[in-house]
Structure formats: structure tokens, C-alpha cells
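Peer 1: Got a predicted model here, sequence first, then my questions.
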Amino acid sequence: MSRKKKDFDDYVKSEKIRKKSSKSFAEQDKKEFVMDDKKELKDLLKEGYFLARVVEVQKKYVFLAPEEKELDMDTRDVWLSTVAKKFLQNQRSERNFIVVGDKVVCLSSKHSDSEEFPQCTIEYRLPRETQISRVDPLVVNREHILASNLTQLVIVASYLSPPVRWGLIDRFLVQAEHEQITPIIILNKKDLLEDEASESFKKECEEEEKLYTDLGYQVISFETLSLSSKKKPPKILHDLFKGHITLIVGHSGVGKSSITNLLKPEIEQDVEELEIFKKGRHTTTYTSLLKLENGGFIIDTPGIRSFTLTELEPIQLCWGFVEMRPYLNQCRYRACKHSNEPDCAIIQAVSDKKISERRHQSYLNILFNTQRREGRYTLE
Ligand SMILES: Nc1nc2c(ncn2[C@@H]2O[C@H](COP(=O)(O)OP(=O)(O)OP(=O)(O)O)[C@@H](O)[C@H]2O)c(=O)[nH]1
Ligand SMILES: [Mg+2]
């Protein structure tokens with residue numbers, strides 16, 4: 001073997017080892033932190049470790065509520081915690097290291113009886129059963145998980161102030177479909193629709209509501225303004241949230257916190273007193289998990305200005321649009337993007353009025369929005 005060839009082989013070998021070891025190190029770390037062994041967990045709990053739910057994540061501390069039994073926690077009486085020292089570096093470099101809704105295994109700190117903080121450390125995290133995430137608006141290609149372990153997603157939009165964006169609702173629906181979380185749409189500020197909207201806008205809303213209902217989604221037309229948070233929660237909301245961990249999402253100012261307050265959470269949520277058009281300011285600043293009077297839990301989030309889905313292939317994205325599922329794999333081309341290709345079953349279904357043009361456009365917007373930055377597809 002020539003010297004040159006040997007050097008090259010050695011180089012490749014060492015590179016491979018280096019790459020392999022650095023990867024396995026990261027994975028090893030993750031493996032150590034994510035506890036998926038039930039027996040090991042049982043042993044830890046006998047040794048003084050305890051289970052808790054992440055209630056809020058702030059810069060310095062994570063707020064936790066101990067959870068001895070599933071969904072049995074008091075989110076008002078929270079513990080201040082930090083992640084175990086050996087994982088601090090990972091926490092700093094990974095945005096989603098700990099998110100609201102995570103189930104974690106903790107150890108009480110030495111100082112827990114004193115006034116010193118933190119009161120406990122997070123030693124492990126249980127695997128996430130579900131999660132809702134988007135592309136991080138700060139760093140492209142990074143995922144931002146809004147919350148985990150949800151059983152329900154409530155998507156709130158207001159008819160007006162700010163005006164409803166059907167495309168944003170579709171984005172959330174796609175995520176819910178992929179995560180197999182039941183989505184519910186609440187269209188709020190019905191009073192404004194009745195008093196201020198034009199006839200054509202009222203008709204548009206009526207049609208869109210019917211479209212979502214026909215697709216099998218629950219749509220609730222609602223107003224919080226005439227309801228008082230001092231009284232019992234309205235039955236429709238009470239029944240909807242009971243027994244669930246619900247993530248409530250939507251644009252800023254649509255009324256998420258106003259709806260949350262009607263359900264009597266342990267902590268009253270801040271609501272903008274006078275509706276002023278607030279640019280760059282959210283009333284809710286942190287995502288937090290709250291216990292409701294009826295036994296369910298709600299995760300109120302600050303309004304979202306951009307909700308870009310993490311990259312999805314056309315086939316995955318189509319699957320998130322329930323009405324497109326019957327037409328999958330019926331196009332002439334296997335890699336059909338359902339944009340303007342010949343013999344596309346989905347485009348045909350749109351012209352036959354079996355799929356709404358608006359939803360198809362929504363699909364295209366998501367497809368080209370999420371994939372344009374990859375430089376793979378461009379909008380013709
Ligand atoms: N007209 C009308 N106004 C409402 C209704 N529900 C809420 N509002 C008002 O809308 C504004 C925003 O409500 P919030 O509950 O703070 O909205 P949010 O979605 O939590 O907003 P962020 O926390 O910024 O994301 C407040 O001034 C509410 O009083 C409603 O049904 N009708
Ligand atoms: Mg709010």
C-alpha cells in the first residue's frame with residue numbers, strides 16, 4: 001500500500017472514530033437524561049426521587065409541581081428547580097431541553113428547608129408522549145417545542161381584532177393531526193362579528209366554519225366579553241376542558257387568556273384591559289400550565305406571530321389535510337407536489353370541488369414556505 005493511500009485510510013478512520021464518538025457522546029447524554037426504563041424509575045422513586053410536572057420555564061429556573069399520581073398536582077404551589085449540574089451545558093445549548101408539560105424526576109436539594117434556592121434539581125425527563133412545535137423564529141432549522149404531553153389542542157382565533165387567519169388555523173391542524181392530538185377551533189369575539197363585520201365577511205366566516213365542521217373538527221363560535229370570570233364556567237367550556245391537558249394557542253390578542261380565566265385557573269391570567277393594537281407586546285409573557293377548577297389543566301401561551309411548521313415532505317403535509325388523504329398515491333408522479341403537475345389527483349379533486357380551493361392554497365403556502373428556505377422548491 002502506498003504511503004499516501006495509508007495516510008488517507010488512517011485519516012478516514014480517525015475521522016470516522018471522532019465523528020462516531022462525538023455523536024455517541026451526545027446520544028449517551030440524552031440517553032442518560034431521558035428515563036424510559038420503568039423498573040429503573042420505580043427504584044429511583046423508592047430512593048427518594050420524586051415525579052413532577054414542568055409548569056413554567058424561565059431563564060434561570062424551572063417551576064415544577066410534584067405529581068405523585070398522574071394529573072394530581074397543585075400548580076400554584078410550585079417548586080423552584082434547576083437541571084442537574086452535569087446537564088447544565090446541554091440545557092444551555094438545546095432550546096427544548098425542558099419544556100412546559102414535561103414529566104421529570106427530581107431530587108430535593110440540600111437547602112430545601114432553608115430560604116435558599118433552588119429547592120430541587122431535575123435529574124431525568126420521561127419520554128414525551130406528544131408535543132406541539134414550530135420552526136424557531138430566531139434560528140432557522142431549529143425546532144421550538146411549545147409544550148409536551150398534551151391530550152388536546154385548542155386553536156383560538158378572533159373573527160376581528162385581529163382578523164381571523166384561516167391559514168394559521170390550518171398550520172395548527174396539521175400539527176395536531178401528526179401528533180394525533182384532538183384539535184378544537186374556537187372562533188372568539190362573536191360580538192364584533194355581529195356588530196362590526198360586513199355581510200361578505202360574515203358569509204366567508206359561515207362558509208369556513210361549515211368547511212371545518214364538515215371535515216370533522218369541532219368549531220365553537222364564542223365571545224368572552226359578556227361572560228364573567230366570577231361565575232361558573234360556561235358549560236361548553238367546562239365540558240371541553242374537563243380531564244384534559246389542553247394547549248391553547250393562537251395569535252396575540254385573540255382572547256386565549258380571557259377564555260382561560262373563564263375556566264377559573266389557579267392563577268388568574270393577565271388580560272389587556274383596553275384593547276389597543278399592541279405591536280410587539282404580548283400580554284402573556286410565559287407559557288404556563290394551570291390547574292382548572294373542573295380538574296383539567298390548561299397551558300396558556302403568549303400569542304404567536306409566526307407559526308412555521310418544521311419541514312415536511314409533500315406526502316406528509318398532505319396527510320395533515322384530512323380531506324386530501326383519499327387522493328394520496330393517485331397522482332401520475334410519485335413525488336407530485338400537487339402544485340401544477342399533470343394528472344394530479346388532488347388538483348383534480350380541487351376542480352371537482354371535493355377539496356376547497358382555499359385549503360389547497362393553504363397547503364401550498366405551507367409547502368413552499370417551509371421548503372423554500374431549504375432551496376429545494378420555489379413557488380412558480
Ligand atoms: N370584543 C371582544 N373582546 C374580547 C373578547 N375576548 C377577549 N377580548 C379582548 O381581547 C383583548 C385580548 O385578550 P387576551 O385574553 O389578553 O388575548 P390573548 O390571546 O391572551 O393575548 P396574548 O396574551 O397577547 O397572546 C382583551 O382586551 C380582551 O378584553 C370577546 O369575546 N369580544
Ligand atoms: Mg394571553
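Peer 2: Noted; the coordinates are in hand. Ligands and ions are numbered 1, 2, ... in the order given.
Peer 1: just so I have it, where are all the strands in the stretch 151-300 of the chain?
Peer 2: Counting by DSSP state E, counting those that start in this stretch, the stretch 151-300 of the chain has strands at residues 152-158, 182-188, 218-221, 245-249, 288-291, 297-300.
Peer 1: Could you dump those strands into TSV with mean pLDDT and distance to residue 356 added?
Peer 2: To be clear about C-beta, it is placed using only N, CA and C from the backbone, and glycine gets the same treatment. TSV is the format used below for these (pLDDT from 0 to 100; distance: least, Cβ to Cβ, whole Å):
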stretch	mean pLDDT	distance to residue 356
strand 152-158	96	17
strand 182-188	97	15
strand 218-221	97	15
strand 245-249	96	23
strand 288-291	92	35
strand 297-300	94	30
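Peer 1: now the ones you listed in CSV, with mean neighbour count and distance to residue 352?
Peer 2: Converted to CSV, these look like this (neighbours: other Cβ atoms under 10 Å; distance: least, Cβ to Cβ, whole Å):
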stretch, mean neighbour count, distance to residue 352
strand 152-158, 24, 28
strand 182-188, 22, 26
strand 218-221, 16, 24
strand 245-249, 27, 33
strand 288-291, 24, 45
strand 297-300, 26, 40
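Peer 1: Arrange these in TSV, one row each, with distance to residue 87 as further columns.
Peer 2: Shown next, in TSV, are the strands of the stretch 151-300 of the chain (distance: least, Cβ to Cβ, whole Å):
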stretch	distance to residue 87
strand 152-158	29
strand 182-188	33
strand 218-221	40
strand 245-249	25
strand 288-291	22
strand 297-300	23
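Peer 1: right, and the ones you listed - which one's nearest ligand 2?
Peer 2: strand 297-300 (6.0 Å; Cβ to the ion).
Peer 1: Contacts (any at all) between ligand 2 and the closest one?
Peer 2: No - using Cβ under 5 Å from the ion, strand 297-300 never reaches ligand 2; the gap is at least 6.0 Å.
Peer 1: Name the strands paired with that strand and say parallel or antiparallel.
Peer 2: strand 245-249 (parallel), strand 288-291 (antiparallel) (DSSP bridges).
Peer 1: Show me what the last one is in contact with.
Peer 2: Strand 288-291 has contacts (Cβ atoms under 8 Å, 6 or more residues apart in numbering) with 53-56, 63, 65, 73-76, 100-101, 147, 245, 260, 265-267, 269, 297-300.
Peer 1: so how far is it off the chain centroid?
Peer 2: 15 Å (Cα atoms, centre = their mean, to the nearest Å).
Peer 1: how about it as CSV, C-alpha atoms only?
Peer 2: Extracted in CSV, the C-alpha atoms of strand 288-291 (Å, rounded to 0.1, in the frame of the first residue of the first chain):
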residue,chain,number,x,y,z
SER,A,288,-47.5,28.2,31.8
LEU,A,289,-49.5,25.2,32.9
LEU,A,290,-52.5,25.9,35.2
LYS,A,291,-54.9,23.7,37.0
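Peer 1: got the contact list for the closest residue to residue 362 other than its chain neighbours?
Peer 2: Closest residue to residue 362 apart from its sequence neighbours, by Cβ to Cβ, 6 or more residues apart in numbering: residue 170 at 4.3 Å. Contacts were defined as Cβ under 8 Å, 6+ apart; by that measure residue 170 touches 321, 359, 362-363, 366.
Peer 1: go again using 10 Å as the cut-off
Peer 2: Contacts for residue 170 (Cβ atoms under 10 Å, 6 or more residues apart in numbering) come out as 155, 212, 309, 320-321, 358-359, 361-363, 365-366.
Peer 1: Repeat that for residue 99.
Peer 2: 54, 57, 62, 125, 128, 131-133, 144-149, 287, 299.
Peer 1: Can you identify each of the helices in this structure by residue range?
Peer 2: Secondary structure of the chain by DSSP state H: the helices cover 3-33, 38-46, 88-93, 166-179, 190-196, 199-214, 235-241, 256-262, 314-320, 345-351, 357-372.
Peer 1: Which stretch among those approaches ligand 1 most closely?
Peer 2: helix 256-262 (3.4 Å; Cβ to the nearest ligand atom).
Peer 1: so how far is the closest one off the chain centroid?
Peer 2: 18 Å.
Peer 1: can you check stretch 51-58 too?
Peer 2: The answer for stretch 51-58 is 16 Å, by Cα atoms, centre = their mean.
Peer 1: go on, stretch 302-321?
Peer 2: 11 Å.
Peer 1: Could you check it against ligand 1 for contacts?
Peer 2: Yes - on the criterion Cβ under 6 Å from any ligand atom, stretch 302-321 is in touch with ligand 1 at 302-303.
Peer 1: Of the contacts of strand 288-291, keep whichever come out buried.
Peer 2: 53-56, 63, 65, 73, 75, 100-101, 147, 245, 260, 265, 269, 297-300 (16 or more other Cβ atoms under 10 Å).
Peer 1: So for ligand 1, which of the strands of the stretch 151-300 of the chain sits nearest?
Peer 2: So among the strands of the stretch 151-300 of the chain, strand 182-188 is nearest, using Cβ to the nearest ligand atom, at 5.1 Å.
Peer 1: Report all helices and strands that that closest one contacts.
Peer 2: The helices and strands touching strand 182-188, judged by 3 or more Cβ pairs under 10 Å, 6 or more residues apart in numbering; DSSP states H and E, are strand 152-158, helix 166-179, helix 199-214, strand 218-221, helix 235-241, strand 245-249, helix 256-262.
Peer 1: Swap in 7 Å and give it another go.
Peer 2: strand 152-158, helix 166-179, strand 218-221 (3 or more Cβ pairs under 7 Å, 6 or more residues apart in numbering; DSSP states H and E).
Peer 1: Can you give me the pLDDT of residue 116?
Peer 2: Here, the pLDDT recorded for residue 116 equals 59.
Peer 1: Tell me the residue of the stretch 51-200 of the chain that sits nearest ligand 1?
Peer 2: Counting by Cβ to the nearest ligand atom, the stretch 51-200 of the chain gets nearest ligand 1 through residue 189, at 3.8 Å.
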